[in-house]
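Colleague: Task: produce atomic coordinates for the following.
(one chain, ligands or ions: 1)
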Amino acid sequence: MELRTGLHLITCAQLSHPWDATGALVWGANGRPLMTDCGGFNPGAVVRNLAAVRRRRSSKRGVMPSEVDRLVLTHGHYDHAGGATLLPKARVLVHPGDADGLRTGDPDRQATFLYPGCDPLQLPHVEELEDGQVIEIQGGYIEIHHFGAHTPGSVVHLIVLDGERILQPGDLICGHGHTRTGTDFDAWLPALYGMLELEPDSILPSHLDRPGLVMAEPVIARAIAEFKPRRFDDNYRLPPEGFFSVV
Ligand SMILES: [Fe+2]
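Modeller: Numbers count the residues shown, from 1 in each chain. Below is the predicted model:
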């Protein structure tokens with residue numbers, strides 16, 4: 001599903017698995033596919049949806065998993081990172097705050113304890129992202145901004161594509177937390193204000209009411225207005241139905 005020219009939706013609740021976070025594909029400056037998060041609970045859907053990606057309208061050939069060059073993660077939770085094992089040649093990049101959890105197969109830091117029957121990833125070769133890092137892509141660039149809060153290594157991706165500032169916030173919008181995953185509830189509200197300062201035009205939510213982009217400012221403003229620290233460790237929750245339908 002192509003959301004913008006050069007921005008393809010690969011995973012989300014409606015396209016792959018109800019537990020999957022949004023995973024998108026853009027084209028790196030080297031011409032190779034780059035994914036930003038990747039879901040993970042439905043390998044067949046990832047392969048199928050990559051195969052449906054077209055570089056040009058006239059092209060008949062989709063993307064093979066082995067062609068994905070990099071996987072850039074908002075954080076190390078399995079619903080965002082699990083598909084890494086399907087991408088055999090992809091360099092996996094995550095903030096240092098979440099890197100060891102992926103390297104060591106930590107079920108707490110990957111939040112696999114929330115998903116029955118889910119085994120944590122073992123990714124010893126994970127590379128580390130820097131706060132402020134810029135990744136060049138065709139038509140623009142991705143800025144990495146570290147806010148922590150949801151997990152120690154939670155970053156947002158500001159995907160600037162053909163002049164549009166598209167924010168991929170991971171689970172920092174209307175999020176949820178759990179001390180076992182290292183959530184810092186005190187850092188959450190500053191993170192929401194920090195996202196406003198990035199002046200995004202649109203948001204690619206991680207857990208969508210429906211596939212697509214939403215206007216940024218009303219959604220972040222509502223997340224701030226309704227923010228409550230969720231300190232109940234068993235209250236792991238997704239955004240209320242309709243949250244991303246405010247516009
Ligand atoms: Fe998460």
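
Colleague: Run through the strands of the protein in chain order.
Modeller: 2-4, 7-11, 23-27, 33-36, 70-72, 91-94, 127-128, 134-137, 140-146, 155-161, 164-168, 202-203, 214-215 (DSSP state E).

Colleague: May I see these organised as TSV, with mean pLDDT added?
Modeller: Shown next, in TSV, are these (pLDDT from 0 to 100):
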stretch	mean pLDDT
strand 2-4	93
strand 7-11	97
strand 23-27	97
strand 33-36	98
strand 70-72	98
strand 91-94	98
strand 127-128	98
strand 134-137	98
strand 140-146	98
strand 155-161	98
strand 164-168	98
strand 202-203	96
strand 214-215	92
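
Colleague: Would you convert the ones you listed into JSON lines that also reports mean neighbour count and distance to Asp108?
Modeller: Heads up, the C-betas are built off the backbone N, CA and C, glycines and all. Formatted as JSON lines, the strands of the chain follow (neighbours: other CB atoms under 10 Å; distance: least, CB to CB, whole Å):
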{"stretch": "strand 2-4", "mean neighbour count": "15", "distance to Asp108": "33"}
{"stretch": "strand 7-11", "mean neighbour count": "25", "distance to Asp108": "23"}
{"stretch": "strand 23-27", "mean neighbour count": "24", "distance to Asp108": "23"}
{"stretch": "strand 33-36", "mean neighbour count": "26", "distance to Asp108": "24"}
{"stretch": "strand 70-72", "mean neighbour count": "24", "distance to Asp108": "22"}
{"stretch": "strand 91-94", "mean neighbour count": "22", "distance to Asp108": "16"}
{"stretch": "strand 127-128", "mean neighbour count": "13", "distance to Asp108": "20"}
{"stretch": "strand 134-137", "mean neighbour count": "16", "distance to Asp108": "29"}
{"stretch": "strand 140-146", "mean neighbour count": "19", "distance to Asp108": "20"}
{"stretch": "strand 155-161", "mean neighbour count": "23", "distance to Asp108": "19"}
{"stretch": "strand 164-168", "mean neighbour count": "22", "distance to Asp108": "24"}
{"stretch": "strand 202-203", "mean neighbour count": "22", "distance to Asp108": "28"}
{"stretch": "strand 214-215", "mean neighbour count": "16", "distance to Asp108": "31"}
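
Colleague: Adding distance to Lys228, write those out as CSV.
Modeller: Below are the strands of the chain laid out as CSV (distance: least, CB to CB, whole Å):
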stretch, distance to Lys228
strand 2-4, 31
strand 7-11, 29
strand 23-27, 28
strand 33-36, 28
strand 70-72, 30
strand 91-94, 28
strand 127-128, 32
strand 134-137, 34
strand 140-146, 23
strand 155-161, 21
strand 164-168, 22
strand 202-203, 20
strand 214-215, 21
